[in-house]
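sequence plus predicted model, see below.
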Amino acid sequence: MVNLVIMRHGEAEPLSSEDSQRQLNARGQHEVSQMALWLQHHYAAFDWVWASPYQRTRQTAELMLAKQAPFSQLEIVSQLVPDGDAALFKAYFDARISEKPDARVLLVSHMPLVSFLVEAFTVPDQAPIFSPAQLACIDYQPGQAGRLLERLAPQELALLSF
């Protein structure tokens, strides 16, 4: 069962002095929309979509949320910034999930944090590099090592029929 999906934001505008304000570009919007559609067809709806406060992650989360059930809720989580601490976030996640153990959560964040989150929620030395809008689907229960079930990037969608 996939109850945790970790996703990198879609492709964004070039680097600028205000990194937190960078927006998704047209390609990023399109790829995120494609990933949202794929996720909608392959997995049950999420209870929560948690995103970094950065503009590009919030835009990604909103596009993903548009393909979720009406009960899905968006939350901005300050720990999901690029230089966030994966171990501290995992402790936060476990505490929040203890309130609702069957919750399904989609996390939208940045490199390098998304890689470190996969490692924190699964097994050490499994920190994959994410392309924009890529996601990792994990079967996770607090107090246990989760299991990475699949990873999917937008470029791979063309090879799949769904």
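Yes, it's here. Numbers count the residues shown, from 1 in each chain.

biggest helix in the protein by residues?
Determined from DSSP state H, the single longest helix within the chain is helix 26-42.

which helices and strands does that helix pack with?
Secondary-structure packing of helix 26-42 (3 or more CB pairs under 8 Å, 6 or more residues apart in numbering; DSSP states H and E): helix 55-65, helix 154-157. From N, CA and C alone the C-beta is placed, and that goes for glycine too.

next, the angle from that helix to helix 55-65.
Interaxial angle, helix 26-42 versus helix 55-65 (axes from the mean of the first three to the mean of the last three CA atoms, to 10 degrees): 40 degrees.

what about the closest residue in space to residue 51 that isn't next to it in sequence, how many neighbours?
Leaving aside its sequence neighbours, residue 51 sits nearest to residue 61 (CB to CB, 6 or more residues apart in numbering; 3.7 Å). Using other CB atoms under 10 Å, residue 61 has 25 neighbouring residues.

with residue 125 instead?
6.

if you average pLDDT over each of the helices and strands packed on helix 26-42, which is lowest?
If you rank these by mean pLDDT, helix 154-157 sits at the bottom with a mean of 92.

got the contact list for that one?
By CB atoms under 8 Å, 6 or more residues apart in numbering, the residues outside helix 154-157 that reach it are 31, 34, 35, 38, 131, 132, 133, 134.

if you set the cut-off to 6 Å instead, what comes out?
Contact with helix 154-157 is made by 31, 34, 133, as judged by CB atoms under 6 Å, 6 or more residues apart in numbering.

over to stretch 23-40?
By CB under 6 Å, 6+ apart, stretch 23-40 touches 10-13, 55-56, 59-60, 63-64, 67, 133, 154, 157, 162.

can you show me the strands along this protein?
Remark: strands assigned in the chain by DSSP state E are 4-8, 48-51, 73-76, 105-109, 135-139, 147-152.

ok, the spatially closest residue to residue 78 that is not a sequence neighbour - how many residues close by?
Using CB to CB, 6+ apart and skipping the chain neighbours, the partner closest in space to residue 78 is residue 53 (5.9 Å). Neighbours of residue 53 under the rule other CB under 10 Å: 13.
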